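Participant: 3D, please:
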Amino acid sequence: LLYTIKFEEMKDVTLAKVPILERLTQRRTPDSAPDEGLNRCLGIPDLVNSGFSIVVGAGIFVITPVLAANTTGPAVTLSYLIAGLAALVSALTYAELAGRFTGIGSAYLYVYYVLGELAAGVIGISMIIEQMIGLASLIKSLSIYSDQLLFNGTIIAFEAEKFAIDIPFMTKYVDLFGLLILLACGALNLWGVKETVVVSAICNVVVVVSLFIIIIMGFVKGSVTNWDNNAPDAENFGTGGYFPYGISGVFMGASLAYFSYGGFDAIACLGCEARNPQKDIPVSILLTFSLVVTLYILVCGAITYMAPYYTLTHEAGMALAFHTIPWVVVVVSLGAVLATATGSFASVLATSRILFSMAQDGIVFQHLKYVSSNQVPVLSIIVSLVLPALGILLLDIEELVMMNSGGALICFCLTNMCVIVGRYQPHVTHDSYTKAEKHSIVTVLILWALCLASSACFNFLGLTAAGITTGTVFLLAAIALLAFTQSNFAEVKKPSAFRCPLVPWLPGIGMYVNSALMVSLPMMTWIRVSVCTVLGLLCYVAYGLRYSNITLGKKSRLEWVREGEDTEGEEDDEDMMSYHDSYNDTDKLVGNEFR
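Facilitator: So this is what the prediction gives:
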């Protein structure tokens, strides 16, 4: 690669020269990171805008009222507060990793730096598949909302009449309007990242204004009696009052609300389009998270103050809460449409950047790393629209929502693990860091297994003697392992724009919280996660295992030495050895790019 060896010329190099196990565990280093060639034009306001778009989306308008009606009642505010505190741990770990590692790819990038190529390849492809499915559900929602708001439902009625489908498990009609919206989102991203962010910012101004109107009008026109109403149907809506479903309902609501905060990691996908990524991205993640948590809590309080919680059962429950004030209903509807639109823009942006990063690393087809004259990854954007297009045309919105899996929880667990591995290593002698890194990785894998076991015992055995005993034993073992790590491993000092506090304890708490949510998900969700994981593994084995940049670099070095090209000159020899040594896992501590 030092001599810009073409990809096609590398295909004939004997694969056996680089052992399989070495290829599976090799890690990306700063020296091996490619030059992305994208437009570094985004500052902190742009990054916050992108993060806000994908975190808020339509969730604050659609999920919040339904959650209040069916799970928590007026205590939905407490559920979002608890969920926000739990999600804060993952936000802190993402901020530290973003401040330490440069590049694009979010969890994929951090796992590649710390845990190795196999884990990165599998989790990266799984992330892409899940984000494409999420994009399809967003576009489908946007199609429905836009038609209702702008055309009074005439487009859907026309499609249902002219393009009807009568096939089980598929949509009732071909949604060509949704496909046009998806193509518009793709065209906007092809225009340029700065232009996409500007359009999103204009839409987000309207969204934020609509949210402030909801908050102000809710607390001005509402009544505190709505927090203490008796439910007309105790069987379906609980006992009434502020806690109609009890404390258990609050925590159940928190576990569901937790997913509303997912997406702030999309900011890390813009690492090579930020002007100063190691400083701006951590700040942007924390600012976005603080803004979103505040808005969620205030909006939840306002809508339950404005209307009794049991009247919010419909997906348009927020608009129905203000049915006595028609102009506010219009504002709410407009805000929901624009929030869904900005979420769609940001989702295309994030998905295409992960795909582009993997193409640059050689994990997926390298042709996808093509960058146009306006510094946009054209082919990555186009490919990221293919699966969502099929989903929009052939699947109903309910099926798409059900396909959104818990893969984000796995990503959160892995980033928490990366922080512990990067910060704590066993004491080492000499310069052999590989063994120390392996010890750290094995330690956090055992920690994750203990968290899953404890959560599974509490979840499946309940508050029985067996459940409490076994769950507590596994939990105490996890705590003991964290204490052992802190007392017996050496903390590695690395300069970073942000350092997560209370490591390894906060990342350990994050791993436990995410593990508890993982075991609470239904079996069908994990079947879908398994399918995505298997697809990711097959894609990596079929292509990335053979043609990743690190593997090709090692093979080119071996071939170069075999052919005797190392005699060409002392200066070239020095450069080649220095370049390829960056691929050697024995010469660097994980992430110690500042050494």
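Participant: need the next SSE after the helix or strand containing E96, C-terminal direction.
Facilitator: Secondary structure from DSSP states H and E places E96 in helix 76-100. Downstream of helix 76-100, the first helix or strand assigned by DSSP H and E is helix 107-114.
Participant: before we move on, back to that, buried ones in the helix holding E96, by neighbour count?
Facilitator: For helix 76-100, the neighbour count (16 or more other CB atoms under 10 Å) marks 76-84, 86-100 as buried. (Glycine included, C-beta is placed from N, CA and C.)
Participant: from the chain's centre, how far out does that helix sit?
Facilitator: The chain centroid and the centroid of helix 76-100 are separated by 13 Å under CA atoms, centre = their mean, to the nearest Å.
Participant: and the angle for it with helix 107-114?
Facilitator: 50 degrees (axes from the mean of the first three to the mean of the last three CA atoms, to 10 degrees).
Participant: packing partners for helix 76-100?
Facilitator: helix 59-67, helix 246-257, helix 277-306, helix 407-423, helix 505-520 (3 or more CB pairs under 8 Å, 6 or more residues apart in numbering; DSSP states H and E).
Participant: pLDDT value on the nearest residue to V89 once chain neighbours are set aside, please?
Facilitator: Nearest non-adjacent residue to V89, counting by CB to CB, 6 or more residues apart in numbering: G510, 3.6 Å away. Here the pLDDT value assigned to G510 is 92.
Participant: try M523
Facilitator: Looking at M523, its pLDDT reads 79.
Participant: likewise for S32?
Facilitator: For S32, pLDDT reads 57.
Participant: now swap in A164 and tell me
Facilitator: 84.
Participant: surely it meets Y173?
Facilitator: Yes: using CB atoms under 8 Å, A164 is in contact with Y173, at 5.4 Å.
Participant: return the residues in contact with the residue nearest to V89.
Facilitator: Counting by CB atoms under 8 Å, 6 or more residues apart in numbering, G510 touches A86, V89, S90, T93, F412, C413, N416.
Participant: can you tell me how far the residue nearest to C418 when sequence neighbours are not counted is from L78?
Facilitator: In space, and not counting its chain neighbours, C418 is closest to V114: 4.3 Å by CB to CB, 6+ apart. Separation of V114 from L78 (CB to CB, to the nearest Å): 35 Å.
Participant: who are the neighbours in contact with S79?
Facilitator: L67, T71, T72, V250, F251, G253, A254, L256, A257.
Participant: how many neighbours does the last one have?
Facilitator: Residues within reach of A257, counting by other CB atoms under 10 Å, total 27.
Participant: same check, this time on the fourth one
Facilitator: With neighbours defined by other CB under 10 Å, the count for V250 comes to 21.
Participant: my guess is it contacts L81. True?
Facilitator: No: contact criterion CB under 8 Å: V250 and L81 do not qualify, at 9.7 Å.
Participant: could you pull out the strands in this structure for me?
Facilitator: Along the chain, the stretches classed as strands by DSSP state E are 424-426, 489-491.
Participant: just those strands: most buried one?
Facilitator: strand 424-426 (a mean of 20; mean count of other CB atoms under 10 Å).
Participant: paired strands for that strand, with orientation please.
Facilitator: Sheet pairing of strand 424-426 (DSSP bridges) gives strand 489-491 (antiparallel).
Participant: run the chain-centre distance for the strand it pairs with.
Facilitator: Here strand 489-491 is found 29 Å from its chain centre; the criterion is CA atoms, centre = their mean.
Participant: avg pLDDT for that strand?
Facilitator: Strand 489-491 comes out at a mean pLDDT of 81.
Participant: need the strands of the chain in JSON lines with distance to L447, can you?
Facilitator: Shown next, in JSON lines, are those (distance: least, CB to CB, whole Å):
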{"stretch": "strand 424-426", "distance to L447": "11"}
{"stretch": "strand 489-491", "distance to L447": "12"}
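Participant: of these, which is nearest S357?
Facilitator: Closest of the strands of the chain to S357 is strand 424-426, at 26.5 Å (criterion: CB to CB).
Participant: follow-up on the earlier one: the strands of the chain: which one's closest to L135?
Facilitator: Comparing those by CB to CB, strand 424-426 comes nearest, at 37.1 Å.
Participant: for this structure, which helix is longest?
Facilitator: Using DSSP state H, we find that the single longest helix of the chain is helix 326-361.
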